[in-house]
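S.K.: Coordinates only, no sequence provided:
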DNA sequence: GTAAGCAGTTACCTAAAGGTAAGCAATAAC
DNA sequence: GTTATTGCTTACCTTTAGGTAACTGCTTAC
């Protein structure tokens, strides 16, 4: 009478869901790097490209579009001559600061942990 | 006499490196889910497998090996009969708690942000 | 005695991510 | 007048991650 109540594992999907949601937005090798670069003050396409070692324009263009769709950055066209395009961080993306901080802190620590200690 | 000093972008690789280091360790769709599951109390292979929707044994086996190599979890063999195998979180991996918390918080917020508000 | 659970492994395949190299039209710099 | 810079795009190719399904030897439950 109580055979399907047998515990087969501990439920934890409610903890996994929000983490997965975030990873879906910042997934890939480049998105966080781009956000860091723009936060650091780089605004122009080529500027951002130069600031991120090994990235290429195809990938950068695609990721910038993704980030714009997710409302993390804004693309502004200044119609002077010649046209000038600027990317800026939206306030909403600044909330990713905590995520970046956590990842960064752990990375610094991990490096120490691996080399000695 | 000062032509190569022209600023071509703002340097930020020192901020990107540690983030990249962390991502290298927890990269992929499954590693954080596995850590969350084990932290929640799942220890056995099949238990972990059942607790993570849509994962399959091939991927799980591979990721568990990765996590072990990175010293985030420990695989213990109890040589009773039948053999019993348990995975446990190592103290070092607990430091990933902040990362998981940050990712989770942001995910929860993002969900609100997307649906209304 | 048959089915199910354990902890995986193997071979095979698909899809997505990412890289390479070239090119475009416009302007500005040497 | 050639070269560089800007913000991309396109076609093509390689690599990697991940998924499917079947199967192993052993054990326990029905």
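M.R.: That came in fine, so what should we check first? These numbers come from a predicted model, not from an experiment.
S.K.: Just the pLDDT for the residue sitting nearest the centre point of chain A.
M.R.: Centroid-nearest residue in chain A, with CA atoms, centre = their mean: residue A:32, separated by 3.1 Å. Among the per-residue scores, residue A:32 holds a pLDDT of 98.
S.K.: Next one: the host helix or strand of it, is it in contact with DNA strand C?
M.R.: Assigned by DSSP states H and E, residue A:32 belongs to helix A:31-39. No. Remark: helix A:31-39 sits outside contact range of DNA strand C, by CB under 7 Å from any atom of the strand, the gap being at least 8.1 Å. Quick note: C-beta positions are derived from backbone N, CA and C, even for glycine.
S.K.: how far does that helix sit from the chain's center?
M.R.: 7 Å (CA atoms, centre = their mean, to the nearest Å).
S.K.: Going by neighbour count, which residues in the lowest-mean-pLDDT helix or strand in chain A are buried?
M.R.: In chain A, no helix or strand scores lower on mean pLDDT, DSSP states H and E than helix A:91-94, which sits at a mean of 89. Neighbour-count burial for helix A:91-94, with 16 or more other CB atoms under 10 Å in any protein chain shown as criterion, is recorded at residue A:93.
S.K.: can you tell me if it touches chain B.
M.R.: Yes. Part of helix A:91-94 sits near chain B under the criterion CB under 8 Å from any CB of the partner chain, namely residue A:92.
S.K.: Next secondary structure after that helix?
M.R.: helix A:97-114.
S.K.: Point out the other helices and strands that that next one packs with.
M.R.: helix A:31-39, helix B:13-26, helix B:97-114 (3 or more CB pairs under 8 Å, 6 or more residues apart in numbering or on different chains; DSSP states H and E).
S.K.: buried stuff in the longest one?
M.R.: Just to be clear, that refers to helix B:97-114. Those would be B:99-100, B:102-107, B:109-110, for helix B:97-114 by 16+ other CB under 10 Å.
S.K.: Could I get the contacting residues of the nearest residue to residue A:99 once chain neighbours are set aside?
M.R.: Counting by CB to CB, 6 or more residues apart in numbering or on different chains, residue A:99 lies nearest to residue B:102, which is 4.6 Å off, once chain neighbours are set aside. Going by CB atoms under 8 Å, 6 or more residues apart in numbering or on different chains, residue B:102 touches A:98-99, A:101-103.
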